[in-house]
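>>> need the 3D shape of this:
(chains A and B)
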Number of protein chains: 2
Amino acid sequence: MTPTPRRISLGLFLLSTGHHIAGWRHPAAWAGMPMDVRAYAEVARQAEAARFDMLFLADNNCVPQTDWPAVRRTTREHILEPISLLSALAMVTERIGLVATGSTTYSEPYHTARSFGTLDHVSGGRAGWNIVTTSNANEAWNFGRESHLAHGDRYRRAAEFVEVTKGLWDSFADDAFLKDKESGVYFDAAKLHVLDHKGEHFSVRGPLNLSRPPQGYPVLVQAGGSDAGRDLAARTAEVIFSVNQTLPEAQDFYADIKARLTAHGRDADSVKVMPGLFPVVGRTRAEAEDRMAELQKLLHPDVGLSLLSFLTGGFDFTPYDVDGPLPELPDTDVGKARLKVIADLARRENLTIRQLYERIAVSRGHHMVVGSATEVADRMQEWFEGRGADGFNVMPPTFPEGFAAFTSLVVPELQRRGLFRTEYEGTTLRDHLGLPRPPHVARGRVALSA
Amino acid sequence: MTPTPRRISLGLFLLSTGHHIAGWRHPAAWAGMPMDVRAYAEVARQAEAARFDMLFLADNNCVPQTDWPAVRRTTREHILEPISLLSALAMVTERIGLVATGSTTYSEPYHTARSFGTLDHVSGGRAGWNIVTTSNANEAWNFGRESHLAHGDRYRRAAEFVEVTKGLWDSFADDAFLKDKESGVYFDAAKLHVLDHKGEHFSVRGPLNLSRPPQGYPVLVQAGGSDAGRDLAARTAEVIFSVNQTLPEAQDFYADIKARLTAHGRDADSVKVMPGLFPVVGRTRAEAEDRMAELQKLLHPDVGLSLLSFLTGGFDFTPYDVDGPLPELPDTDVGKARLKVIADLARRENLTIRQLYERIAVSRGHHMVVGSATEVADRMQEWFEGRGADGFNVMPPTFPEGFAAFTSLVVPELQRRGLFRTEYEGTTLRDHLGLPRPPHVARGRVALSA
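Prediction:
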């Protein structure tokens, strides 16, 4: 047998009107997309036709920038709840994976196990859960808390949350349901497990009122880049969405994750590392640069400064000269990894505040490529073969055109090079990613012995 | 102008494999329905073709009967999460309303406002929220609580919960979103409201990260029959699902609700009272009775006794003679109204424990009709014209046949009599029910004045 060649995994990061923060102003952009399920459905079908592994939805439980003067210029203050949206998209797609973000800080394991488990059932095994601990203090105020949980506490809670959730998904064994009309026995009660979890943060009896999900567990995704985030990822994740500006950074991150996996006794191939990629694609490099310039012209200065402040945990840049250097940023409790990426970028390229926000407003710290299909594919191949990435979370600047340029130009080029599939081989998200289905683990006590 | 004639409203109560607890054993029943979104989709299309006002899904956050010996004979221990399921069904239907149950005891207003608001957006204004306070103590154990909240506390929390949720839906004014590509202003920040709620049970800043739902608020539904439940319903509900065995009971309930509405300054027509109706329909009465007998043969005695105990808040009937009279039931803190209906039924018809569970196992305290289409339509007309009901929450014994008998035989009869629509006149659930769209209420402070 010849081993299956290593292939690039591709996710489509569906964010509001697209990843360029001013892209909604482009004449061809769908400005109404955030509340329009039909627009999402069309993009989802487009991604499936291009054989993407998955759709990905971020989430937050607040209007992130309520009091920012530039808030009225942004499209991300209203979003559809991601599990409901993906359940809807499950009905208009057949193969593509459906990954939603779910916070461990402002939810309960029982609810999370139910909703992601239901998405897995509704989609026939295509669900994934992007586990986040939430770094926006605005969320705390919507749930009766005065302040946000400290970084370390959030990660301890997250680790326990994930374990409880897995335990709940294992409430029924895979073969528990007999549905025997003749004898009248619907399920084997000896295959129903009561978790009886009592831990530091949660006390959850179980069982979950759901058959075991088709994938066993939905695919577990993580995005934390801090030390605590990487540790949680190495213990629990199967896909990691990372933020890397340069290939050496990406290689360091990649090597660190794979080493941590080994330390935790896990196979290095059991986790896919997928950095964000912001592609602006043209038929030629000149066309791509024109597209980028066209988008940048739409960016209002208030928006750039607001976004920069938001991404640095609320740091106030207004006292500083916008054409001067970046001040020293204080060590905050939120989004440590992202803060470091931003500060490193400014230092490395000696950017002023204005130059920095112009860069950040576009890609939010992620790697950006502006070029022809060949150039974008070259960059992806370089990162993939250089072990900086197993795949990419693609962040189109606009919908639908910005994404259509990627699927019509870059995807065929990757396929020609044998780096990306031309057809789905399996039906579940685990199939697409080459991840094993986790076996059932009997936990807690049996509800009733036969 | 001639006034619109009063018309019957119809909901389809989608429960597991159907409302007859042993119905899944019938050769034609879909035993796999609880986890099968395609089965739900087919029934939803069937209900829409019959011009039903809405689908309705119950919910619970536990396996209700974990430790019951008969649990293995029941199909209701696994259910899909209702909001995700209805979001999926929104994509395969166009007009029918989509009502899910959501607990105010084990959720947060911010999550509830998001998920029901999202369902309203995804479905183009077809969402409804059945507000329950949850009467099953098993749920408490899945959320870190030792015991269930007391009845009165639950209803105070529920009243505050609903007010906060409405306030969150009003975060953005209806006309807040300009999406003006030319000026770069996406929304008018003066039309974004920060709720700043601080109450007995909740502290929620807001705003909600969602445009105002198409219906303003999803339709508010309530099912509580106790004094506290009726009071909450009269203050907040637009649809009431009731449990009544006889027309006089239904008339009393109906009159009581309408009087409470007036006391709260609300229009008596602003709430639709819809008792549950368990119909077993045949082309003739004899055929209906045969169908019923066929279903009853499938009922295992263990199941009947388990269900009776469950419905009476866990009362243990095993020390009593199953062919003797019903013992005095203690006044429990859960499901007071249902308990009374059950005890009254046993007393009125002088039923033994066995006879009682045979009746209960079928209709769970709801009104049952076994008969021809004419007889079922007669009964519905009698209740409707006698002001015992504005409509019915139809509880078919099995899917798909038990429901198909109702849509193919009873619905045309109701249409012939002019009691039920032959075509949808509007597009939203509020349109179907003749309920007004609530105007936006500006609450809290404005985020940013222009």
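>>> not counting sequence-adjacent ones, nearest residue to the closest residue to chain B within the stretch 351-450 of chain A?
Proximity of the stretch 351-450 of chain A to chain B (Cβ to the nearest Cβ) peaks at residue A:447, 5.1 Å away. C-betas here are computed from N, CA, C, even on glycine. Once flanking residues are discounted, residue A:447 sits nearest to residue A:192: 4.2 Å by Cβ to Cβ, 6 or more residues apart in numbering or on different chains.
>>> check contacts around residue A:253.
Contact analysis of residue A:253 by Cβ atoms under 8 Å, 6 or more residues apart in numbering or on different chains lists A:225, A:242, A:244, A:273, A:275, A:388.
>>> scratch that, residue A:383 is what I was asking about
A:247, A:250, A:275, A:367, A:389, A:392.
>>> against residue A:282, how distant is it?
20 Å (Cβ to Cβ, to the nearest Å).
>>> before we move on, the earlier item: so who does the residue of the stretch 351-450 of chain A closest to chain B touch?
Neighbours of residue A:447 in contact, by Cβ under 8 Å, 6+ apart: A:189, A:190, A:192, A:193, A:194, A:207, B:63, B:66, B:67, B:71.
>>> that one and residue B:72: what is the separation?
Using Cβ to Cβ, we find residue A:447 at a distance of 9 Å from residue B:72.
>>> could you do residue A:104 as well?
According to Cβ to Cβ, residue A:104 and residue B:72 sit 33 Å apart.
>>> which positions in the stretch 201-350 of chain A make contact with chain B?
Within the stretch 201-350 of chain A, the residues that sit near chain B (Cβ under 8 Å from any Cβ of the partner chain) are A:202, A:203, A:204, A:205, A:206, A:207, A:208, A:209, A:210, A:211, A:298, A:300.
>>> as TSV, the contacts of residue A:253 with neighbour count, secondary structure and pLDDT would be great.
Shown next, in TSV, are the contacts of residue A:253 (neighbours: other Cβ atoms under 10 Å in any protein chain shown; DSSP: H, G, I helix; E, B strand; the rest coil; pLDDT from 0 to 100):
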residue	neighbour count	secondary structure	pLDDT
A:225	24	coil	79
A:242	26	strand	92
A:244	24	coil	90
A:273	25	strand	97
A:275	24	strand	97
A:388	23	coil	97
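>>> of those, closest to chain B?
Closest approach between the contacts of residue A:253 and chain B, by Cβ to the nearest Cβ: residue A:225, at 24.3 Å.
>>> can you give me how far stretch A:167-180 is from the chain middle?
The chain centre lies 29 Å from the centre of stretch A:167-180; the measure is Cα atoms, centre = their mean, to the nearest Å.
>>> same deal with stretch A:158-176?
Put simply, stretch A:158-176 sits 21 Å off its chain's centre (Cα atoms, centre = their mean).
>>> now do stretch A:195-211
Centroid separation for stretch A:195-211 versus its chain: 26 Å, with Cα atoms, centre = their mean.
>>> ditto for stretch A:86-98
16 Å.
>>> which residues does the residue in the stretch 251-400 of chain A that chain B sits nearest to contact?
Residue of the stretch 251-400 of chain A nearest chain B, by Cβ to the nearest Cβ: residue A:300 (5.2 Å). Each residue near residue A:300 by Cβ under 8 Å, 6+ apart is listed here: A:22, A:70, A:73, B:184.
>>> check contacts around the nearest residue to residue A:337 once chain neighbours are set aside.
Distances taken as Cβ to Cβ, 6+ apart place residue A:225 nearest to residue A:337, at 2.8 Å, with adjacent residues excluded. Residues near residue A:225 by Cβ under 8 Å, 6+ apart: A:242, A:243, A:253, A:336, A:337, A:338, A:341.
>>> so how far is residue A:279 from residue A:225?
Residue A:225 sits 21 Å away from residue A:279, going by Cβ to Cβ.
>>> can you check residue A:448 too?
Going from residue A:448 to residue A:279 by Cβ to Cβ gives 55 Å.
>>> so those two - more neighbours on which side?
residue A:279 (29 against 17; other Cβ atoms under 10 Å in any protein chain shown).
>>> which element is that one on?
Using DSSP states H and E, residue A:279 sits in strand A:272-282.
>>> residue A:167 too?
Counting by DSSP H and E, residue A:167 is part of helix A:151-169.
>>> ditto for residue A:99
With DSSP H and E as criterion, residue A:99 is part of strand A:97-103.
>>> now stretch A:52-61: mean pLDDT?
Average pLDDT, stretch A:52-61: 96.
>>> likewise stretch A:94-101?
Stretch A:94-101 shows a mean pLDDT of 98.
>>> my guess is residue A:285 contacts residue A:376. True?
No - judged on Cβ atoms under 8 Å, residue A:285 makes no contact with residue A:376 at a distance of 10.0 Å.
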